[in-house]
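Visitor: Provide a 3D model corresponding to the input given below.
(chains A and B)
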Amino acid sequence: MSIQEILVWLTFIAAIGFLVKKFFFKKKTKKACGQDDCGC
Amino acid sequence: MRQINVALVGNPNTGKTSVFNSLTGLNQKVGNYPGITVEKKEGVTKLSRVLKAHIIDLPGTYSLNASSLDENIVIELLLNKNDKDYPNVVVVVSDIENLKRNLLLFTQIKDLGLPTILAINMADRMDRKGISLDIPKLEEQLKTKIALISSRKNTGFDKLKNLIANYKQLSTEACCNASRVDPEYFGNLKKTFPDQNTYKLWLVITQDANFGNLDRNQIKSKTKSFEPKSQSELKRLQQKEIIARYTFINDTLKQTLTKDINAAKGLRASLDRLLMHRIWGYLIFAVILLLIFQVIYDWAAYPMDLIDESFASFSEWTKNTLPAGQFTNLIAEGIIPGIGGIVIFIPQIAFLFLFISILEESGYMSRVVFLTDKIMKKFGLSGKSIVPLVSGTACAIPAVMASRNIENWKERLITILVIPFTTCSARLPVYLIIIALVIPDKSFLGVFNYQGLVLLLLYFIGFGMAVFSAWLLHKVMKTSQKTYFVVEMPNYKVPLPKNVLITVVDKTKSFVFGAGKIILAISIILWVLASYGPNDKFKNAEDIVNTEVKTENLDLTQEELDTKISSYKLRHSYIGYMGKGIEPVVQPLGYDWKIGIAVISSFAAREVFVGTLATIYSVGSENEETIKKRMSKEVNPVFGGKLFNLASGISLLLFYAFAMQCMSTLAVVKRETNTWKWPIFQLVFMTGFAYIVSLIAYQLLK
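Guide: Numbering: from 1, shown residues only, chains lettered A, B, ... in the order given. Prediction:
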């Protein structure tokens, strides 16, 4: 596999990884209300 | 440098955002409040050499009695000392002409015991409107400091900054003590929670808001220990509180504000009569819509073509300059066109928001809401939904972004969900080629061309489906949010170029850096799927095609041979096999695997359908006539006969009319709703519906 091929697959994996991260791993929102059932 | 938090609060249409822009300039960022898509604007301004202010532009609210998601945010921030944005000082922005109504919110915030400054905006209008104000007396009555400001003339901001910097000197005493409406009840409340602000407790009891370390139930159970109040009693007490506040405001303004009615001019009334006239009002609005449509459909085409050509040249240059190989191909054919596919939308987004911002700033948008709200409400939409819906006929992306101007969350969501049904310009190339292929080029009654009529019908179907889905969603979607029809008619103003510019820049940035990243990632994935195959047929495509050509003794030019190889490669690529994989699913609609590939690849953008078919059929040209001739010869692999006949053609047209086939729109919906739930719902619902309709059409017509 040439270096160009490796770069293609790395970019492809990065693109998939980015979408998976966006799709499945939401940014944790800071709960700053000081209580558990605040609903924010 | 020390930093303090400043909350900018005020009624809608008081010029709060202009004040925010004047204070922060371009040192601002726009985001969302966690979990919801209420816009969060924050910025920084330097107050002195040692002090800077982090300013939060909170959503417009009429009072601390929340009736919407936006208003809840204001209350939750002002009540929650643990919030990182909890303000050191609150600036209540009011409008000189609506001081009476604006002061209700001020007195409520003042009662919370927060250092509060009153910024009276649009002070430049005082002379013209014959208004004079006794500032020292008003400051004394309201127990605060006042800054007379004008965002238009950019005056009074030094004083405002100075007051903010010296916020510790401000009185935190209540100006209109709400406790007097029921001294016994409030007295007991104070006794039970001696360390808490009584008005905060009152808001926690009566509002659906969060409150620092105290649990709502805890408060309610403790308050029950002295004298429980029923919901209706609490409501009555709330009403008494509001009446008490207005009595205080009336008395205060009687002593401090004078208005010379003769000095006021009647231009606003004349304009209102014209712009809200039951015939002229709609006609003028139609002309404005036509202009917006023209600009984003037609004028935007020039910069868009320029962007398109520039990216094509850049792509070509990259391919010729970088070392040959697959990564160079990915850059030239995947990444650069992917970025081009994002940048190309900028002119449409910028033009649309230029108009929307001008309409909002000038005060005309409120008149539009008044005109159209009654009709649109029946379908679960807002009067403001009309602009995004009409813009959707050019492109769904700026249209979805334009729906942010709709305050009510349910109405905004419904608008976002139904916009992609309107016929966008990307559908046109698909419609034109299919119509030309399956609809006879004859006239009805010798006047109306059948092909033109079908195209018109497709536009109506799209708009009709958008309205019908809105009505359906309105009936199905439940919301606990209370909605009231409150439409305020702000004064007509010449839009401030700075505000317009900031809106245009914000929206464009939000698209490029938000949805753009998703679009680019999907472009890369689609390119890889179309450029690699799972077996040797893809790798050895050139040899196989060359052998075939030799065996069949075909006399092909180099260009024809290259096209044939591309076609062979596409058929044996991952995307090609995906097309073949979905053939059993699309066969009942009258399509073969080749159309399947085109349907999958047009997920990148609908117009890609034509180009993909050109590659599959080895046409070597995207010329419509050439592709049309080739397509008309295609034979249905299962039933024989022409593949593109009336039945499959109508089925395909309906599929493209209803299916959600635009990754950019999905990305922008994700960005606007802050969740994948709604774009996935759109994808499944629209594509599922498109499938059923196309299936019925094909089975009936075949």
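Visitor: Can you give me the pLDDT of residue B:625?
Guide: Model confidence at residue B:625, expressed as pLDDT, equals 65.
Visitor: Likewise for residue B:541?
Guide: On the pLDDT scale, residue B:541 is placed at 87.
Visitor: which stretches of the stretch 151-300 of chain B form strands?
Guide: For the stretch 151-300 of chain B, the strands defined by DSSP state E, counting those that start in this stretch cover B:257-259.
Visitor: Any stretches of it with poor pLDDT?
Guide: Scanning the stretch 151-300 of chain B with the threshold set as pLDDT under 70 gives B:208-229, B:261-266, B:297.
Visitor: Helices along that one, start to end?
Guide: With DSSP state H, counting those that start in this stretch applied, the stretch 151-300 of chain B shows helices at B:157-165, B:183-192, B:198-206, B:216-224, B:231-256, B:267-275, B:280-294, listed in chain order.
Visitor: which one of these lies closest to chain A?
Guide: Distance to chain A, taken as CB to the nearest CB, is lowest for helix B:216-224 among the helices of the stretch 151-300 of chain B, at 8.7 Å. In short, each C-beta sits where N, CA and C put it, glycine included.
Visitor: circling back to that earlier point, of the helices of the stretch 151-300 of chain B, which stretch is the most buried?
Guide: Compared across the helices of the stretch 151-300 of chain B, helix B:198-206 shows the largest average neighbour count, a mean of 21 (mean count of other CB atoms under 10 Å in any protein chain shown).
Visitor: Is there proximity between that one and chain A?
Guide: No. Applying CB under 8 Å from any CB of the partner chain, one finds that helix B:198-206 is not in contact with chain A, the shortest distance being 11.8 Å.
Visitor: and that helix, what does it pack onto?
Guide: With contacts defined as 3 or more CB pairs under 8 Å, 6 or more residues apart in numbering or on different chains; DSSP states H and E, helix B:198-206 has these neighbours: helix B:69-79, helix B:183-192, helix B:216-224, helix B:231-256.
Visitor: export the ones you listed to JSON lines and tack on distance to residue B:58?
Guide: JSON lines is the format used below for the helices and strands packed on helix B:198-206 (distance: least, CB to CB, whole Å):
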{"stretch": "helix B:69-79", "distance to residue B:58": "5"}
{"stretch": "helix B:183-192", "distance to residue B:58": "27"}
{"stretch": "helix B:216-224", "distance to residue B:58": "22"}
{"stretch": "helix B:231-256", "distance to residue B:58": "20"}
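Visitor: May I see those organised as a markdown table, with distance to chain A added?
Guide: Rendered in a markdown table, the data for these read as follows (distance: least, CB to the nearest CB, whole Å):
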| stretch | distance to chain A |
| --- | --- |
| helix B:69-79 | 7 |
| helix B:183-192 | 19 |
| helix B:216-224 | 9 |
| helix B:231-256 | 20 |
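Visitor: looking at those helices, which is closest to residue B:595?
Guide: With respect to residue B:595, and counting by CB to CB, the nearest of the helices and strands packed on helix B:198-206 is helix B:69-79 at 43.6 Å.
Visitor: hang on, the earlier thing: among the helices of the stretch 151-300 of chain B, which comes closest to residue B:698?
Guide: For the helices of the stretch 151-300 of chain B, the distance to residue B:698 is smallest for helix B:280-294, at 32.9 Å, taking CB to CB.
Visitor: how about the residue nearest to residue B:425 when sequence neighbours are not counted, secondary structure?
Guide: If the residues on either side of it in the chain are set aside, residue B:425 comes closest to residue B:394, at 5.7 Å by CB to CB, 6 or more residues apart in numbering or on different chains. Of the three states, residue B:394 takes coil according to DSSP: H, G, I helix; E, B strand; the rest coil.
Visitor: Next, work out how far apart residue B:271 and residue B:493 are.
Guide: Applying CB to CB, to the nearest Å, one obtains 12 Å for the distance of residue B:271 from residue B:493.
Visitor: next one: residue B:204
Guide: Using CB to CB, residue B:204 is found at 38 Å from residue B:493.
Visitor: likewise residue B:191?
Guide: Here residue B:191 is placed at a distance of 50 Å from residue B:493 (CB to CB).
Visitor: on that earlier part again, out of the helices and strands packed on helix B:198-206, which comes closest to residue B:21?
Guide: Comparison of the helices and strands packed on helix B:198-206 against residue B:21 by CB to CB identifies helix B:69-79 as nearest, at 19.0 Å.
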